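Asker: Okay, predicted coordinates and the sequence, questions at the end:
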Amino acid sequence: MYASATVTGQLGQDPKYFTTQTGTRIMSFGIPVKNTNKETAWIQVKAFGKCVDFYEGKLQKGTSVSASGRLTPMFYTAKDGEKKSG
């Protein structure tokens, strides 16, 4: 079981494109969202395969998009050694 979400907004920058060693195409972009404190958080979106083929060249900074999918939390270790998510 996993958490899913739909995020709607405007691209904060042009998408970046990658190809894995196995040939899978990946498109990565961020959608800014404001929280209750009016702070901006960035939702990082990754699209794969045929989705990339369809949207390549159609998306650019400022384009309105809606993305649905699985949420994957990101963790990192702060300089003080504490494990954080974000």
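Answerer: That came through fine.

Asker: Please make it C-alpha for all contacts and neighbour counts, starting now.
Answerer: Fine.

Asker: Tell me the helices and strands packed up against the worst-scoring helix or strand of the chain on mean pLDDT.
Answerer: Lowest on mean pLDDT, DSSP states H and E among the helices and strands of the chain sits strand 83-85, with a mean of 75. On a contact count with 3 or more Cα pairs under 8 Å, 6 or more residues apart in numbering; DSSP states H and E, strand 83-85 meets strand 75-77.

Asker: neighbouring strands for the strand it packs on, and are they parallel or not?
Answerer: Strand 75-77 sits in its sheet next to strand 83-85 (antiparallel), going by DSSP bridges.

Asker: who touches the partner strand?
Answerer: Contacts to strand 83-85, defined as Cα atoms under 8 Å, 6 or more residues apart in numbering, come from residues 73, 74, 75, 76, 77, 78.

Asker: Quick one: mean pLDDT for the helix or strand that contains residue 32?
Answerer: Following DSSP states H and E, one finds residue 32 within strand 25-34. For strand 25-34, the mean per-residue pLDDT is 92.

Asker: any idea how far residue 10 is from residue 40?
Answerer: To residue 10, residue 40 is 13 Å away according to Cα to Cα, to the nearest Å.

Asker: isn't residue 43 right up against residue 30?
Answerer: Yes. Contact status for residue 43 versus residue 30: in contact at 5.5 Å, counting by Cα atoms under 8 Å.

Asker: Which of those two has more residues huddled nearby?
Answerer: Set residue 43 next to residue 30 and count neighbours by other Cα atoms under 10 Å: residue 30 wins out with 20 against 16.
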